[in-house]
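Novice: let's see this in three dimensions:
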Amino acid sequence: MNKHDAIAEVVKKICLLIDEGTIASSGQEENAQNFEKAKSKAEGIQKYREASDEEYRSYITDLLKSLLDENEDYHASDGTLIYFTPEERGKQIIEQVFGMYRGLGLLDTLLMDEEITELMVNGADNIFVEKKGRVIRLDQRICDDKDCSEEERKRRGRTQLRKIVHRIVDICGREITEANPIVDARLKDGSRVNIVLNPIAMDGDTVTIRKFSKTPMTVEKLIAYRSITNEIAMKLKMLVEAKYNIFISGGTGSGKTTFLNALSNYIPFDERVITIEDSAELQITGVDNLVRLETKQANAEGKGAITIKDLIKSSLRMRPERIVVGEVRGEEALDMLQAMNTGHDGSLSTGHANSAKDMLTRLETMVLQGASGLPLDAVRRQIGSALDIIVHLSRMRDHSRKVVEITEVLGYEKGEILLNPLFVFQEDEQSTLEHVSGGLVRTKNKMQNTGKLRQAGILQDL
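Specialist: Next up is the predicted model:
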């Protein structure tokens, strides 16, 4: 038996002992009467139920030790002697068992891997992860039991995955049912979770987790990742400090929230900042007067929902100097634009689009979702007046994320919102099909809206 199978066997044995209410240190007698056995089992199960997380891990450790001999070797079912390293005992056995009863099972083990940035479960047998920008399929499955038929293994996998789903929503304080089969939530560490139940997800319950970085993203890290250069970072710092309204656009997975997080740390420490998000991901450091707001989903009765639109309206009464909106997706776009147009300069936000120009069209559509009676001319004037700079990000063919365009919004004229591209990404001679090399190049266009720079005492232009 190989070590992987041995670990699976040990995990299964420990789970069986837990289900039987066995406490390794309880000193149960093998020849106890049925009544005593039942009483001991009930007491053991109650002890597990009431234990703190630390005590629970201690119980699992004791049960693991009870399965090892005096040399700390495990006697596998085929007679093989196997030694587990301390790391294998901790991460692959104890934490896996703990996860099955108190956590997220196999998902806990995967979430502990620092290299994994996104986890995608497409039913119990299809697990994908994103590592270093690349999506790969794992050999692991939610249930890998080998003591049953394939049909029974799949049934167990579906059952275990549904239990994991319910643990997630319990942790997040949300509710998921067949009547309400879609949930967006946030784990304790800030990781963003989306769940869709079967049969809406036709191949089984679907769980997508975007991991929350334990350390705040900084511009220095973006420079190290070659997303931007030090020169561009200094230009962006000037724009943030001078209170330009900056909108970050890009496709899915292009790093918009990450970039917004890094950029927001250029906000001066003495300003009052309100952040508004669907799931709180921003990690703004160095700002004392910070208010963080997060949306709330409706309850089972369909009541009590708090939307981004609601939070933007409320934030205007909080005396904000800047408003940072995590992502604009719908009718709240109008409220955000109005906030930018009514003295809240220096506001930041993000949105999905394929280019800076497309972002303007998307914003028009979003505004009209909430105010269909507004003339398109008025909507475009509002956008042209509110936005100062659009920073567009893209995920390149080698899966790297880069800033590909920095554009100035000049305003509205002759039925169109005018754009003035200041920096565009150009590949250099070192680029190949597998690796993208290049950087932002200054266009010949002169920056026109320099008023805020001058008011901030900055004489330099972009």
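
Novice: and Arg317, how far from Val324?
Specialist: 17 Å (C-beta to C-beta, to the nearest Å). (C-beta placed from N, C-alpha, C; glycine too.)

Novice: neighbour count winner among these two?
Specialist: Val324 (25 against 7; other C-beta atoms under 10 Å).

Novice: three-state assignment of that one?
Specialist: strand (DSSP: H, G, I helix; E, B strand; the rest coil).

Novice: same question for Lys91.
Specialist: helix.

Novice: pLDDT value on it, please?
Specialist: Per-residue pLDDT puts Lys91 at 74.

Novice: relative to Glu9, how far out is His75?
Specialist: 10 Å.

Novice: for those two, indicate the residue with more neighbours.
Specialist: Using other C-beta under 10 Å, the more surrounded residue of His75 and Glu9 is Glu9, with 19 against 13.

Novice: quick one: residues contacting that one.
Specialist: Met1, Ala76, Ser77 (C-beta atoms under 8 Å, 6 or more residues apart in numbering).

Novice: okay, and the helix or strand of the chain with the least pLDDT?
Specialist: When each helix and strand of the chain is scored by mean pLDDT, DSSP states H and E, helix 34-50 comes last, with a mean of 57.

Novice: let me know how buried Ser254 is, in neighbour terms.
Specialist: 24.

Novice: in what helix or strand does the closest residue to it other than its chain neighbours lie?
Specialist: Counting by C-beta to C-beta, 6 or more residues apart in numbering, Ser254 lies nearest to Leu393, which is 4.3 Å off, once chain neighbours are set aside. Using DSSP states H and E, Leu393 maps to strand 389-395.

Novice: pull the contacting residues for the residue nearest to Ser254.
Specialist: Ser227, Ile248, Ser249, Gly250, Ser254, Gly255, Lys256, Phe259, Arg401, Lys402, Val403, Val404.

Novice: Val391 too?
Specialist: Leu236, Ile246, Phe247, Ile248, Ser249, Phe259, Leu263, Val403, Glu405, Ile406, Thr407.

Novice: rerun that using 7 Å as the cut-off
Specialist: Shown in contact with Val391 (C-beta atoms under 7 Å, 6 or more residues apart in numbering): Ile246, Ile248, Val403, Ile406.

Novice: state the mean pLDDT of the longest helix seen in the chain.
Specialist: In the chain, assigned by DSSP state H, the helix with the most residues is helix 150-172. Helix 150-172 shows a mean pLDDT of 89.

Novice: how far off centre is that helix?
Specialist: 21 Å (C-alpha atoms, centre = their mean, to the nearest Å).

Novice: for the helix or strand following that helix, what is the average pLDDT?
Specialist: Sequence-wise, the next helix or strand downstream of helix 150-172 (DSSP H and E) is strand 182-186. For strand 182-186, mean pLDDT is 85.

Novice: what is strand 182-186 packed up against?
Specialist: Judged by 3 or more C-beta pairs under 7 Å, 6 or more residues apart in numbering; DSSP states H and E, the packing partners of strand 182-186 are helix 150-172, strand 192-196.

Novice: winner for burial among these?
Specialist: Mean neighbours per residue, mean count of other C-beta atoms under 10 Å, is largest over the helices and strands packed on strand 182-186 for strand 192-196, with a mean of 20.

Novice: that strand to helix 150-172, inter-axis angle?
Specialist: Inter-element angle recorded for strand 192-196 and helix 150-172: 130 degrees (by axes from the mean of the first three to the mean of the last three C-alpha atoms, to 10 degrees).

Novice: let's number from 22 now, not from 1
Specialist: Renumbered: residue one is now 22, and that last one reads strand 213-217.

Novice: pairing partners for strand 213-217, with directions?
Specialist: Strand 213-217 has the following strand partners under DSSP bridges: strand 203-207 (antiparallel), strand 227-231 (antiparallel).
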